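Peer 1: No sequence on hand, only this structure:
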């Protein structure tokens, strides 16, 4: 790489120096040097309970978002037949954008709100907007607007209030094993994107239908989020002042490695959301049986789950930056192969390959941000900034209503290649 990334020891020492200066300048004993490795429990009931709770939040939140391919297929084929694939993709794309961009506001809540009010609000709103989604009827301008407002905007904001805080709070309990713990947390996204498509495909395409199927899904998510809220705990005392996002952004923009990482994440997610939104529809359009195409996302997301679980182990030997570069490059190559998707075997092979390597990449975005953040008090804000830039419905626009599949495949593959270039430059 042209500019080497700071080592873990350098980042940790920088954080310690900042906090020691704060103690000297204020004389306030509450500013304890929390970054001594002995202060981090690195395990225990509370720490692992927090990991489990954060896992459930990711399962119910981002795991549901990345299952949007089920809705994309259902809306295109049955529910919103008067709308183009690009217009329908706006629903999932806005949801995904808000899921991560709201992290700019919610990302630092574990450091400043010990009672976790934002998490409580986010959990409640997610259930509320899912129940609102169940009120939508097939076709019609106002029904499409209701789906967009409830699933695209409302649910996106709700998930965004819980998504980044559930990742950032893990840093309160782990330092040496932080990459491993965060990898377990984001594996909840894959587990959710494995089970949600199976459940949703069978519910909304079965006897219950769309309305009751979505209500059953909303009820299950509500119960799991309640358990998650009770399990998660912060450990470090609240910071005396809220993080200044202007200050963090100014510092971040002067950090070439961090800027390149953010640009790389944005480029990677264009390809990621193309596969997540369109793999099921693509397989059905090319003659794969309806029954198997229902499980195409599950195959990809199962492989992604394995990738996320193994990401921490691989990065421990290879290094976080090197692991991300190699896996994102392989992911891009697999996206190009979607041009030749024609059979059941090709769907399975693409799903398994892309799922695994993209899963490793996604699992290491949080640890990479932590790796590049010298001040732990800025971690939540920096994670929020790095996740803000996300995929868009541009793939749906180049697909067009004529379903020219090679165009979005090339676009997504090129975007993934740009991710590798930005990562290497950093």
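Peer 2: Everything's here; your move. Remember, predicted model here, so these are calculated numbers, not experimental data.

Peer 1: hey, where'd the helices end up in the stretch 251-400 of the chain?
Peer 2: 256-285, 290-293, 296-318, 320-336, 344-363, 365-371, 379-388, 394-399 (DSSP state H, counting those that start in this stretch).

Peer 1: Lowest mean pLDDT across those, which one is that?
Peer 2: Least confident of the helices of the stretch 251-400 of the chain, judged by mean pLDDT, is helix 379-388 with a mean of 57.

Peer 1: Which residues does stretch 131-147 contact?
Peer 2: 75, 78-83, 87, 91, 150-151, 154-155, 210-212, 214-215, 218 (C-beta atoms under 8 Å, 6 or more residues apart in numbering). Heads up, the C-betas are built off the backbone N, CA and C, glycines and all.

Peer 1: Would you mind checking those residues for buried ones?
Peer 2: Neighbour-count burial (16 or more other C-beta atoms under 10 Å) applied to those gives 75, 79-80, 83, 87, 91, 150-151, 154-155, 210, 214-215, 218.

Peer 1: how about the nearest residue to the spatially most central residue of the chain, chain neighbours excluded?
Peer 2: Centroid-nearest residue in the chain: residue 62, 5.3 Å away (criterion: C-alpha atoms, centre = their mean). Of all residues not flanking residue 62 in the chain, residue 189 sits nearest, at 4.5 Å (C-beta to C-beta, 6 or more residues apart in numbering).

Peer 1: contacting residues around the residue nearest to the centre of the chain?
Peer 2: By C-beta under 8 Å, 6+ apart, the neighbours of residue 62 are 99, 159, 163, 188-189, 192.

Peer 1: One more: residue 190?
Peer 2: 63, 301-302, 304-305, 307-308, 359.

Peer 1: Now name the helix or strand holding residue 166.
Peer 2: helix 155-168 (DSSP states H and E).

Peer 1: how about the very next helix or strand once past that helix: buried residues?
Peer 2: For helix 155-168, the succeeding helix or strand toward the C-terminus, using DSSP H and E, is helix 178-204. Using 16+ other C-beta under 10 Å as the test for burial, helix 178-204 gives 178-201, 203-204.

Peer 1: Which pLDDT value belongs to residue 377?
Peer 2: 55.

Peer 1: I meant to write residue 131 there.
Peer 2: pLDDT at residue 131 comes out at 93.

Peer 1: That one: how many residues sit nearby?
Peer 2: 17 (other C-beta atoms under 10 Å).

Peer 1: just residue 330 next, same as before
Peer 2: 18.

Peer 1: so who does it touch?
Peer 2: Residue 330 neighbours (C-beta under 8 Å, 6+ apart): 353, 357.

Peer 1: The same query, at a cut-off of 7 Å, please.
Peer 2: residue 357 (C-beta atoms under 7 Å, 6 or more residues apart in numbering).

Peer 1: now do the one 5 residues further on
Peer 2: Residue 335 makes contact with 271, 275, 354, 409, 412-413, 416, according to C-beta under 7 Å, 6+ apart.

Peer 1: gap between it and residue 136?
Peer 2: 32 Å (C-beta to C-beta, to the nearest Å).

Peer 1: Also residue 271?
Peer 2: 29 Å.

Peer 1: coming back round to it: I'd say the residue nearest to residue 62 and residue 65 touch.
Peer 2: No: in this structure, residue 189 is not within contact of residue 65 by C-beta atoms under 7 Å, at 8.3 Å.

Peer 1: Output the below-cut-off pLDDT ranges for the stretch 1-150 of the chain.
Peer 2: 1-38, 40-41, 103-116, 140-141 (pLDDT under 70).

Peer 1: quick one, helices of it?
Peer 2: So, for the stretch 1-150 of the chain - with DSSP H, counting those that start in this stretch - the helices run 8-26, 45-60, 62-65, 68-74, 85-101, 103-106, 109-112, 117-133, 141-147.
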